[in-house]
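Trainee: Predicted model and sequence follow; I will ask about them next.
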Amino acid sequence: MILDVEGLFFRYGSESVLDEVTFSARRGEVLMILGPNGAGKSTLLRCLDGLARPSRGVILLDGKALAAFDGPDLARSVGYVPQRPETAGLIAFDAVLLGRRPHFGRHPAEEDLRRVDAVFRTLAMEHLALRPLEAMSGGELQKVILARALAQEPSLLLLDEPTSSLDLKNQVEILSLLRRIARGHDMAVVASLHDLNQAFRFGDRFLFLKEGRIVEAMEDRSRLSAELVEEVYGLPVDVTRHGGLPVVIPRG
């Protein structure tokens, strides 16, 4: 395992947001965090990135407590893609170069520039390198933000709703890219997602949250049931199969 989370609690004041959350993530896999709004998905990702401090519990990254990492070591180990990335006045190449910041001192070295070039080639994004972020479509911008995280060379990549503002074509491209990144770079990818059908198409393992608690940690997508979806989301659904994958269809 690259990531082990044991007995995680988080509170905002007197409000419990995460309650006894325990799970793991593996290299080369995409773990999908699923659940309704307010389930605690974003807070969980912020805890995993060190942006929020849990009230209780342990987060282990390659066997080392996350709390024991200093800032630079944590930045080299964990990449985080938020829902609303900053786009202030940068071209794509410079935005991706920021992902190398934990690896160099005051100025990037030739090796950092080469690695950024390699990321653009790997993701077939060379045509975007000199384009301002403000001039990009939602899909192009999300690819640049992913490229920045990839340039960082983390062992754990966290993404909060990476397809929330994208059309269907770009959703499929981004989620396909995440799966390629996990496998090709031996990286653990943990992503929150609202679209269950996309999650079960592109994910490997699945964690269902409701009101801050784990309802189901699913190792095998074939175990998805209409009863589980209704329990988590409070919505009657049918679950059928298409091409060997589960498809969730709301009733009515």
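Mentor: Here it is on my side, so go on.
Trainee: Just give me the longest helix of the protein.
Mentor: Using DSSP state H to define each element, the chain has its longest helix at helix 168-184.
Trainee: which of the residues in that helix are buried?
Mentor: Buried residues in helix 168-184, counted by 16 or more other CB atoms under 10 Å: 170, 171, 173, 174, 175, 177, 178, 179, 181, 182. Any C-beta I mention is one placed from the backbone N, CA and C, and that applies to glycine too.
Trainee: Mind listing residues that contact the helix or strand where residue 240 lies?
Mentor: In this structure, residue 240 sits in strand 237-242 according to DSSP states H and E. Defining contact as CB atoms under 8 Å, 6 or more residues apart in numbering, one finds that strand 237-242 is touched by 224, 225, 226, 229, 230, 246, 247, 248, 249, 250, 251.
Trainee: and if you look at stretch 119-132?
Mentor: Against stretch 119-132 from outside (CB under 8 Å, 6+ apart): 89-93, 96, 136, 140, 143-144, 146-147, 150-151, 177.
Trainee: can you tell me which of these lies nearest to residue 33?
Mentor: residue 146 (17.3 Å; CB to CB).
Trainee: My read is that the closest one contacts residue 180, right?
Mentor: No. If you go by CB atoms under 8 Å, residue 146 and residue 180 don't touch, sitting 10.5 Å apart.
Trainee: what helix or strand does residue 142 sit in?
Mentor: Going by DSSP H and E, residue 142 is in helix 138-151.
Trainee: Please apply the same query to residue 17.
Mentor: Element membership for residue 17 (DSSP H and E) is strand 15-25.
Trainee: How far away from the center of its chain is that strand?
Mentor: With CA atoms, centre = their mean, to the nearest Å as the basis, strand 15-25 stands 16 Å off its chain's centre.
Trainee: Begin at 40 from now on, thanks
Mentor: Noted, 40 is the first residue going forward, which turns the last one into strand 54-64.
Trainee: Report the rounded mean pLDDT for whichever helix or strand comes after it.
Mentor: On the C-terminal side of strand 54-64, the nearest following helix or strand under DSSP H and E is strand 69-73. What strand 69-73 shows for mean pLDDT is 97.
Trainee: which parts of stretch 164-175 are buried?
Mentor: 164, 167, 168, 170, 172, 175.
Trainee: mind putting these in CSV, pLDDT, secondary structure and distance to residue 239 included?
Mentor: What follows is those, written out as CSV (pLDDT from 0 to 100; DSSP: H, G, I helix; E, B strand; the rest coil; distance: CB to CB, whole Å):
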residue, pLDDT, secondary structure, distance to residue 239
164, 88, coil, 27
167, 91, helix, 30
168, 93, coil, 34
170, 93, coil, 34
172, 90, helix, 32
175, 88, coil, 29
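Trainee: Check these and tell me the two furthest apart.
Mentor: Checked with CB to CB, those reach their widest spread between 164 and 172, with 12.6 Å between them.
Trainee: any common contacting residues for those two?
Mentor: Between them, residue 164 and residue 172 have 131, 183 as joint contacts when contacts are counted by CB under 8 Å, 6+ apart.
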